[in-house]
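J.: need a structure here:
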Amino acid sequence: MNKKLSKIALGLGVLLFSAPNAHALLGFGLKGGMGLSKLSYQLNGNSIATNTSFQTGFLLGGSATFDVGPVGVMADILWARRGFDSLDGTQQARGNYLHIPVQAKLSIIPMLFVSGGMYYSRALGDTLSLSDSNGNALGNTTYAGAALSKNDFGLVAGLGVSVPAGVTSITAEIRFNFGLSDLNTGLNSSRANHLDFLVGATF
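T.: Predicted structure coming up:
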């Protein structure tokens, strides 16, 4: 069975890359931007009314794309600074994360594309900086102290434009990340939502 599947995959690959007008392009680039993050809290599977709001952060890193005609795959490795409100909205916690989204991409018209896939995030280090609702520093804590998991995965979907500029392409994207992991290790459950705005250059 494995040999048959391997032959089928190889045959599809040959057909794809030998198809008329198919143009394969591998690219690498840099990407960065702003992210808005918040936690959605639940108790026994039901949403809890909270005073939480989106907190601003930043993203920066590298990207790789592989395109064959209008379809492709793109993967990023990004440093992300994320912030979250506590359940009552009186405190904010901020930490650094390694954020890795992998998406399929489809160009629907020239220069405009949609994307979708999965992401994985892992906290870098064990320190969270705390502040009150006015932004005044309250010191640091650990992920265990804040009852937060250091790992997160979920779905990501986006819309973007890619504009050729000589030997490079300039991209701009908006992405929504919907967390599937329960990040709260205490009595309540919580899931992360991120809205990311990214610009980049692919070579």
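J.: hey, what's the most centrally placed residue in the chain bridged with?
T.: Note on the chain: the residue nearest the mean C-alpha position is P101, at 4.7 Å, using CA atoms, centre = their mean. When bridges are called by DSSP bridges, P101 pairs up with Y119.
J.: next one: N46
T.: With DSSP bridges applied, N46 shows beta-bridge pairing to L43.
J.: so the residue nearest to L124 when sequence neighbours are not counted is in which element?
T.: Among residues not flanking L124 along the chain, N96 sits closest, at 4.3 Å (CB to CB, 6 or more residues apart in numbering). All C-beta atoms are positioned from the backbone trio N, CA, C, and that covers glycine. Using DSSP states H and E, the element containing N96 is strand 91-109.
J.: any weak-confidence spans in this structure?
T.: Counting by pLDDT under 70, the chain contains low-confidence residues at 1-24, 187.
J.: that older thread, buried stuff in the strand holding N96?
T.: Within strand 91-109, the residues scored as buried using 16 or more other CB atoms under 10 Å are 91-97, 99-101, 103, 105, 107.
J.: ditto for stretch 131-148
T.: Neighbour counts over stretch 131-148 (16+ other CB under 10 Å) mark 131, 141, 143, 146, 148 as buried.
J.: you'd agree the third one is up against G125?
T.: It refers to Y143. No - assessed by CB atoms under 8 Å, Y143 is found out of contact with G125, at 9.2 Å.
J.: any common contacting residues for those two?
T.: G95 (CB atoms under 8 Å, 6 or more residues apart in numbering).
J.: for N44, grab the count of nearby residues.
T.: By other CB atoms under 10 Å, the residues close to N44 number 8.
J.: residue ranges of the strands in the chain, please?
T.: 24-43, 46-47, 55-68, 71-85, 91-109, 112-123, 127-132, 137-142, 151-165, 168-179, 189-202 (DSSP state E).
J.: now N46: how far from S40?
T.: Distance of N46 to S40, computed by CB to CB, to the nearest Å: 11 Å.
J.: L148 now?
T.: Relative to S40, L148 is positioned 14 Å away (CB to CB).
J.: please apply the same query to I100.
T.: Remark: distance between I100 and S40 (CB to CB) = 22 Å.
J.: go on, R94?
T.: Going from R94 to S40 by CB to CB gives 18 Å.
J.: got it, and I170?
T.: Distance, I170 to S40, using CB to CB: 33 Å.
J.: swap in A123?
T.: 19 Å.
J.: repeat for L138
T.: 23 Å.
J.: for V102, same thing?
T.: Applying CB to CB, the value for V102 to S40 is 23 Å.
J.: list the contacts of the residue lying closest to G32 once chain neighbours are set aside.
T.: Ranked by CB to CB, 6+ apart and with sequence neighbours excluded, the top spatial neighbour of G32 is L60, at 4.1 Å. Counting by CB under 8 Å, 6+ apart, L60 makes contact with 31-32, 78-79.
J.: mind running it again at 7 Å?
T.: 32, 78-79 (CB atoms under 7 Å, 6 or more residues apart in numbering).
J.: what of D88?
T.: Shown in contact with D88 (CB under 7 Å, 6+ apart): N51.
J.: cool, Y119 as well?
T.: 99-101, 153-154, 156, 177.
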